[in-house]
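[1] pasting the sequence and the predicted coordinates here, then a few questions.
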Amino acid sequence: MSGNRGTNSLQELGGGITYARRYAISALLGLSVDTDTDAAGSTIKKEELQTKKARTAVTTDDALQLLVGWINKNPSRLTDIENYYILTAEQLQFIKDNVIA
């Protein structure tokens, strides 16, 4: 009989292996893992679980031109551009100056 309701013995084995890995790696790296709640009583909100996409740095003039073309095809994205790309003030101004209104 399994120790956790709704799990079978293979799931329990997998959980044990996961815990062993977590604690072994944390011990090697000197990290504390004492706050693991195994999702019981978790107060994390759905919005906090959504991962943010990594922003891409625009490093060449060609990439900047492609970005201007993309925004011209998707004008609504201009307001979100800084959420997707790492831009200098000059690059952002260039984009705003070259987007077809």
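    Thanks, I have it.

[2] max-length helix in the protein?
    Longest helix in the chain, counting residues (DSSP state H): helix 9-29.

[3] can you give me the buried ones in that one?
    Buried residues in helix 9-29, defined by neighbour count with 16 or more other C-beta atoms under 10 Å: none. C-beta coordinates here come from the backbone N, C-alpha and C atoms, glycine included.

[4] so which helix or strand of the chain has the lowest pLDDT on average?
    Across the helices and strands of the chain, mean pLDDT, DSSP states H and E gives its lowest value to helix 46-49, namely a mean of 60.

[5] can you list the domain ranges for this structure.
    Per automatic domain parsing, the structural domains of the chain span 9-41, 56-98.

[6] what's the most buried one of those?
    Stretch with highest mean neighbour count among the domains of the chain: domain 56-98 (a mean of 13; mean count of other C-beta atoms under 10 Å).

[7] tell me the mean pLDDT over that domain?
    In this model, domain 56-98 has an average pLDDT of 86.

[8] quick one: it to chain centroid distance?
    21 Å (C-alpha atoms, centre = their mean, to the nearest Å).

[9] for stretch 9-16, same thing?
    With C-alpha atoms, centre = their mean, you get 28 Å for stretch 9-16.

[10] how about the helices in the protein?
    Going by DSSP H, the chain shows helices at 9-29, 46-49, 61-73, 81-84, 89-98.

[11] and the ones you listed: which comes nearest residue 55?
    The minimum distance between residue 55 and those falls on helix 81-84, with 6.2 Å, by C-beta to C-beta.

[12] what's that closest one packed up against?
    Helices and strands touching helix 81-84, by 3 or more C-beta pairs under 8 Å, 6 or more residues apart in numbering; DSSP states H and E, are helix 89-98.

[13] go again using 10 Å as the cut-off
    helix 61-73, helix 89-98 (3 or more C-beta pairs under 10 Å, 6 or more residues apart in numbering; DSSP states H and E).
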